[in-house]
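>>> 3D, please:
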Amino acid sequence: MKEKSDIAIVGGGPCGSYSAYTAAKLGAKVLVCEEHKEIGVPKHCAGHINISSLKKLGIQVPQTAIENEIKGAIFYSPSNIQFVLRCHTPVTYVINRELFDKHLFDLAIKYGVQYRFNSKAKSLLFDSGHVNGVTLKGERGNSKKVEAKIVIDAEGCSSKLLKQTGLQRPKGSMMVRGIQAEVENVEATYKDMVEVYLGNKVAPGFFAWIIPRKDGSAKVGLATESGDPRKYLHRFAEKHPVASEKLNKSKINKISLHPIPLAGPIPKTYSESFLVVGDAASQVKPTTGGGVIFGLTCARIAGQVAYEAVKRQDFSEAFLSSYQSRWKRLVGFDLTAMLRIRKMLNSMSDNRIDGMIDLCRKLGVDSVLEKVGDLDFQGRSLIPMIKYPGTLTVISYFLFSWLTSTAKNYVSRNS
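Below you'll find the predicted structure:
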């Protein structure tokens, strides 16, 4: 049994639906293959998203999907030194990911996109070495072939299709394991502030978070580069000197686990008749693990390029390479800068992180970040920050700490 479409998209998450919406709105016939039985399940992230970035993408989040509006963050160093960054107006939304994903699904459906649920991508179809569709496995084990002129892989960082195209999968060396719980009755310090907890004892290689909702519940989670994230989460909730006071009366309803790729984008995101987007391409912020905004930015470009390829009947690597050049022009610099920041942070001891947080607090870096900082485009935010003495001191301390750690590691390896 075969189906035919101009564009087949594997994965009905935000990137898959937004690519589909973009291409269909331009005039392409699009089919989305989703392995689960409904959109938005299971949830894969905290849904903490920058408001200004959503506006730049032209995405209006339904009020029913907004769980809270956040004005800033409280950072706790490994020894619980606080650095507070608070803005006058909300800068991020806490969104219900299921409802947000369904909103993008509704946009795609409005422009004629077809969805096939319970349809897991089994393998790509090839004709004379070129991708020309995908084989799907249904819930009863039956196979179905979808013929398409171009395939967009939006199936997440566990993508199994990349290997067939010869493209590199997201690196396992900087893959952290994330865990998040839906928690009731949280005693958050402020209901409009996210809390971020740093330290190798809390979450080695990453951080822990408490993201409050207006109703008194919260999304509580962390990610680790080693060890069992479930054990770290229980220890965080029960024994952390600050967080445990907020969580000791709480009730955990749901727990979800998911990998987060932090190594930066894969080297090549296109091949003959094939594009890859989102977590599958590791288009994720290495500093925070956020993948929605950059993923949607790249997904829109993928949809545009796929439509242009269909219109010109040109599915060659040469033509599809414009996808990579376009997304790199928009987010490439920031992803590269954030990867370097992540590597530096991972090399720093808890004592060094304490010192950096203390400097930020004493030198008034919060006022500078409010003026020129961007939660998503962090790389380009560093450039205007350099002219402020306080942030320049912090950046210098950060670089010195990294160089010291690098030198110690080099001596240790070669002694």
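
>>> Just the helices from the chain, written as ranges.
For the chain, applying DSSP state H gives helices covering 14-26, 51-57, 97-110, 162-165, 229-239, 243-247, 292-312, 317-327, 333-347, 350-362, 365-372, 378-385, 389-414.

>>> got those as TSV, with mean pLDDT columns?
Shown next, in TSV, are the helices of the chain (pLDDT from 0 to 100):
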stretch	mean pLDDT
helix 14-26	98
helix 51-57	93
helix 97-110	96
helix 162-165	91
helix 229-239	95
helix 243-247	94
helix 292-312	97
helix 317-327	98
helix 333-347	90
helix 350-362	87
helix 365-372	62
helix 378-385	55
helix 389-414	53
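
>>> Among these, which comes closest to Pro212?
Closest approach to Pro212 among the helices of the chain (C-beta to C-beta): helix 243-247, 9.5 Å. From N, CA and C alone the C-beta is placed, and that goes for glycine too.

>>> list the buried ones in the closest one?
243, 246-247 (16 or more other C-beta atoms under 10 Å).

>>> of all these, which comes closest to Ala337?
Looking across those and measuring by C-beta to C-beta, the closest to Ala337 is Ala243, at 29.7 Å.

>>> Just give the closest residue to the closest one, not the sequence neighbours.
Spatial nearest neighbour of Ala243, excluding adjacent residues (C-beta to C-beta, 6 or more residues apart in numbering): Phe236 at 5.7 Å.

>>> Might one say that Ser217 is in contact with Glu187?
No: counting by C-beta atoms under 8 Å, Ser217 sits too far from Glu187 to count as a contact (11.6 Å).

>>> Compare those two and say which one has the larger neighbour count.
Ser217 (20 against 14; other C-beta atoms under 10 Å).

>>> What pLDDT does the model give Asp374?
pLDDT recorded at Asp374 is 60.

>>> again, but for Glu225
pLDDT, read off for Glu225, is 95.

>>> ok, now Glu182?
Looking at Glu182, its pLDDT is 93.

>>> Break the protein down into its structural domains.
Domain assignment for the chain, taken from automatic domain parsing, gives 2-45+98-171+266-338, 173-261, 342-414.

>>> Most tightly packed of these?
domain 2-45+98-171+266-338 (a mean of 21; mean count of other C-beta atoms under 10 Å).

>>> quick one: that one to chain centroid distance?
15 Å (C-alpha atoms, centre = their mean, to the nearest Å).

>>> and what of stretch 82-98?
On C-alpha atoms, centre = their mean, the centre of stretch 82-98 falls 16 Å from that of its chain.

>>> And the most centrally placed residue in the chain, how far from Gly178?
By C-alpha atoms, centre = their mean, the chain has its centre lying nearest to Gly291, at 1.6 Å. Counting by C-beta to C-beta, to the nearest Å, the gap between Gly291 and Gly178 amounts to 11 Å.

>>> anything in contact with each of those two?
45, 260 (C-beta atoms under 8 Å, 6 or more residues apart in numbering).

>>> residues touching the residue nearest to Ala243, list them.
197, 202-203, 208, 220, 222, 243-244.

>>> Distance check, it against Trp209.
For Phe236, the distance to Trp209 - C-beta to C-beta - is 10 Å.

>>> and what of Asp101?
Following C-beta to C-beta, the distance that separates Asp101 from Trp209 is 21 Å.

>>> do the same with Val91
Applying C-beta to C-beta to Val91 and Trp209 gives a distance of 16 Å.

>>> Equivalent analysis for Ala337, please.
22 Å.

>>> Likewise for Pro78?
Taking C-beta to C-beta, one finds Pro78 at 15 Å from Trp209.

>>> try Gly291
Counting by C-beta to C-beta, the gap from Gly291 to Trp209 is 15 Å.

>>> Val10 now?
30 Å.

>>> can you check Pro241 too?
Pro241 is 17 Å from Trp209, by C-beta to C-beta.

>>> Same question for Ser17.
26 Å.

>>> Then Glu38?
Taking C-beta to C-beta, one finds Glu38 at 27 Å from Trp209.

>>> what does Gly295 give?
19 Å.

>>> same deal with Gly12?
Distance of Gly12 to Trp209, computed by C-beta to C-beta: 26 Å.

>>> Then Phe315?
For Phe315, the distance to Trp209 - C-beta to C-beta - is 42 Å.

>>> Leu107 now?
29 Å.

>>> what does Ala281 give?
Distance from Ala281 to Trp209, by C-beta to C-beta: 24 Å.

>>> Same question for Glu147.
Applying C-beta to C-beta to Glu147 and Trp209 gives a distance of 44 Å.

>>> same deal with Asn68?
From Asn68 to Trp209 the distance is 13 Å (C-beta to C-beta).

>>> likewise Arg97?
Taken as C-beta to C-beta, the span from Arg97 to Trp209 is 15 Å.

>>> All set, thanks.
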